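>>> Have a look at this prediction, sequence included:
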Amino acid sequence: MKKHSNQSTKTGIFHWIDEHLLLAISLFLLAFIPLYPKWPLFDVLPGYIVRIRLEDFLILVAVLIWFVYLLRGKIKLNKIPTFKPVLAYLIVGFLSVLSAIFITKTVYPEFIQIAKAFLHFFRRIEYFSLFFIFFSAIKDKKHVWFYLGVLPFVILGVSIYGFGQKYLYWPAYSTMNREFSKGIVLYLTEHARVLSTFGGHYDLAAYIVLTLPILLVTSFLLKNHLAKISLWLVSLAEFWLLILTASRTSFLAYLLAISVMFATLILRKGWVWSLVRWIAIVGLSLFVMVSFGDLSERFAQVLKLQDLKSSLTSPFKAPPVNGIALDETLPMEQQLAKIAAKSDAPPTPINPKERPADVYVEPYGSTKSAEANQGENKEATAAVVHVDYSANALKYGLSTGIRLDALWPKAWAGFLRNPLLGSGYSTLVKEKVWEFTQAESTDNDYLRLLGETGLLGFITFLLIFTVIILVLFKAFQKTTDSLLAGLFAAGIGITVGIMMNALYIDVFEASKVAYAYWSLSGLLVATACLVLGEKRDNLSRKREKP
């Protein structure tokens, strides 16, 4: 009997692990990916900005474990609502790569160019895989509480590290260019925007768009007062972090996300409940944005408003001695020169009337040697090269000017090469087909979709979000749990918000943002499917009764 009891205990333990392994893995990834800085391990392609990091191996292990469950029949793909649209998009993406190599010939026929195109294809598979892992981890509606318990601590950790970068010169690790992405330790200068553990301030801001609405709706719907106050404090910290990123697009996406969330909640909580809280949050958000920090100045560049500043966004101490500054107002050449010299000498200021509003120093000005004859001696004197900014840069700022003048037209040209399949991944930036670019960016995910994968890729990719929103809305209508209804409304809101964010930033190619969105949407859609399945079972039982 005792031996049989021990065997039963061991069997019970293994069964428990088998049932909860994916849950444990997904909870670990939910915390690890945002908190772990973007420290590279090694190059995936020589000379390219994308590098292999620790999270890539962790996700690979998670995918392999997920496949074992799939082969054992414990995961049914036909139960996952997004499986077909995701598969359709990946098929289109694969055909787009083949088309770029053999038909449009926009991918140069050499190994490194072909490898780069397939690298971007496989990276999208990696991003999508987190949706399936998190979806499969949710087997009970109560499991969502584990994620709600972990997420605030993750957000608090990200916020604290961001504040440390801004006010205490804690190390920053950027992936904004090839050299920085090597893992060089930087510190933030006056106009550099906070990036916390993320590779760039845009990535951090997009992550806040995904997580802040979830915190807010949870804080309003929980009944425990201590939990409410704690979530409000964490939400306030994360919102201030959004202000420090000075990302205009993400701020607007955040406002849209919470607006859609509360508009959806009107159907459950009524106009008064939803409208009062929406006005309070939006009003406070706009007041803080206008009153403090660089974000108001960035909006003023477009809206032509008076600049507003505050000492609250200034560091509390002097910059580190001989530190390497992260200064986004300088081009890569000058940044690399500063790294080589380990010098923090200020750049040459220019006439404000001759530069865009978001350029604080001459970013493209350089010096060239000019010989001046003075008798028999010759001295080399520095002459500053004049820069002519485009009309768009002067009117809307350099950031928007680059998009309007270069990035977006190139993406459209890629679409016109093959309207159905596009010109292939990693083909939109280069000037010549044989050119090997260090990085890819369009700063508009929809134009990038059209340019790289054509109309078929555009339609199939957007179909994924359509399915997600429909499933969440159906579950929102049917659930009797107010907290779950709030989470489904938040899921709809953050999906719409991040889709707006994609109008100006390649958020679905930014690894940490993509990881976060597909993870959160996976667990929310899984919970929604449990609600819908439960409702269907209850209805069928009622019909069977005489």
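Structure's in. What do you need? Residues are numbered from 1 along each chain as shown.
>>> what about the strands in the stretch 401-546 of the chain?
Using DSSP state E, counting those that start in this stretch, the stretch 401-546 of the chain contains no strands.
>>> give me the low-pLDDT residue ranges for it?
535-546 (pLDDT under 70).
>>> and what of the chain?
Applying pLDDT under 70 to the chain flags the ranges 1-10, 293-314, 316-318, 321-398, 535-546.
>>> what packs against the one helix or strand F135 maps to?
Assigned by DSSP states H and E, F135 belongs to helix 111-137. If contacts are counted by 3 or more CB pairs under 8 Å, 6 or more residues apart in numbering; DSSP states H and E, helix 111-137 sits against helix 2-35, helix 54-71, helix 83-102, helix 511-544. The C-beta positions use only the backbone N, C-alpha and C, and glycine is treated the same way.
>>> I'd like those laid out as CSV, including distance to G454 and mean neighbour count.
As requested, those are exported to CSV (distance: least, CB to CB, whole Å; neighbours: other CB atoms under 10 Å):
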stretch, distance to G454, mean neighbour count
helix 2-35, 31, 14
helix 54-71, 28, 15
helix 83-102, 7, 19
helix 511-544, 21, 19
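>>> can you list the domains in this protein?
Per automatic domain parsing, the structural domains of the chain span 79-172+205-317+412-544, 329-396.
>>> Tell me which of those sits most buried.
Comparing those by mean neighbour count (mean count of other CB atoms under 10 Å), domain 79-172+205-317+412-544 ranks first with a mean of 19.
>>> Next, the angle helix 54-71 makes with the helix holding F135.
Angle of helix 111-137 versus helix 54-71, following axes from the mean of the first three to the mean of the last three CA atoms, to 10 degrees, is 60 degrees.
>>> Settle this for me: G422 is touching G454, isn't it.
Yes: G422 lies in contact with G454 (CB atoms under 8 Å); the separation is 3.7 Å.
>>> which residues do the two both contact?
Taking CB atoms under 8 Å, 6 or more residues apart in numbering as the contact rule, the neighbours common to G422 and G454 are 96, 415.
>>> circling back to that earlier point, pipe the helices and strands packed on helix 111-137 into JSON lines and attach distance to I112 per row.
Listed next are those as JSON lines, based on distance: least, CB to CB, whole Å:
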{"stretch": "helix 2-35", "distance to I112": "28"}
{"stretch": "helix 54-71", "distance to I112": "19"}
{"stretch": "helix 83-102", "distance to I112": "13"}
{"stretch": "helix 511-544", "distance to I112": "21"}
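>>> which stretch among those helices comes nearest L222?
Of all the helices and strands packed on helix 111-137, helix 511-544 sits nearest to L222, with 16.7 Å by CB to CB.
>>> can you state the direction angle for that closest one and helix 2-35?
Going by the same axes, to 10 degrees, helix 511-544 makes 130 degrees with helix 2-35.
>>> Which strands or helices does helix 511-544 pack on?
Going by 3+ CB pairs under 8 Å, 6+ apart, helix 511-544 lies up against helix 2-35, helix 54-71, helix 111-137, helix 144-168, helix 201-221, helix 445-478, helix 482-501.
>>> is it possible to export those helices to CSV including distance to R417?
What follows is the helices and strands packed on helix 511-544, written out as CSV (distance: least, CB to CB, whole Å):
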stretch, distance to R417
helix 2-35, 35
helix 54-71, 31
helix 111-137, 14
helix 144-168, 40
helix 201-221, 28
helix 445-478, 9
helix 482-501, 26
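>>> So which of those is nearest I258?
helix 201-221 (5.3 Å).
>>> which is the next helix or strand following that closest one?
helix 225-245.
>>> next helix or strand past that following helix?
helix 248-291.
>>> Quick check: the gap between G457 and A514.
G457 sits 16 Å away from A514 when distances are taken as CB to CB, to the nearest Å.
>>> ignore the last one, P81
Look at P81 and A514: by CB to CB, they are 19 Å apart.
>>> same check, this time on A31
Taking CB to CB, one finds A31 at 17 Å from A514.
>>> cool, and F132?
14 Å.
>>> Repeat that for V61.
Distance from V61 to A514, by CB to CB: 18 Å.
>>> Then P40?
With CB to CB as the criterion, P40 and A514 are 18 Å apart.
>>> one step back: just so I know, which of the helices and strands packed on helix 511-544 lies nearest T175?
Among the helices and strands packed on helix 511-544, the nearest to T175 by CB to CB is helix 201-221 (8.4 Å).
>>> mind listing what the residue most central in space within the chain touches?
Nearest residue to the geometric centre of the chain (CA atoms, centre = their mean): V513, 2.5 Å. Counting by CB under 8 Å, 6+ apart, V513 touches 203, 206-207, 210, 498, 507.
>>> One more: I468?
So I468 contacts 81-82, 491, 495, 521, 525 (CB under 8 Å, 6+ apart).
>>> try 6 Å
Counting by CB atoms under 6 Å, 6 or more residues apart in numbering, I468 touches 495, 521, 525.
>>> Among those residues, which one sits closest to L77?
Checking the contacts of I468 against L77 with CB to CB, the nearest one is V525 at 13.9 Å.
>>> pretty sure the closest one is in contact with V471, am I right?
Yes: using CB atoms under 6 Å, V525 is in contact with V471, at 5.4 Å.
>>> Now do the residue nearest to G162 when sequence neighbours are not counted: how many residues are near it, please.
Distances taken as CB to CB, 6 or more residues apart in numbering place S196 nearest to G162, at 3.6 Å, with adjacent residues excluded. Close neighbours of S196, defined as other CB atoms under 10 Å, add up to 28.
>>> hang on, Y187 in a strand?
Yes: per DSSP: H, G, I helix; E, B strand; the rest coil, Y187 lies within a strand segment.
>>> From K76, how far off is it?
50 Å.
>>> quick one: which of these two has more around it?
For Y187 and K76, the more surrounded residue by other CB under 10 Å is Y187, and the numbers stand at 19 against 10.
>>> Span of stretch 29-45 from start to end?
25 Å (CA to CA, to the nearest Å).
>>> what's next to it, contact-wise?
The contact list for stretch 29-45 (CB under 6 Å, 6+ apart) reads 50-53, 55, 116, 150, 154, 157-158, 173, 175, 183, 197, 199, 515.
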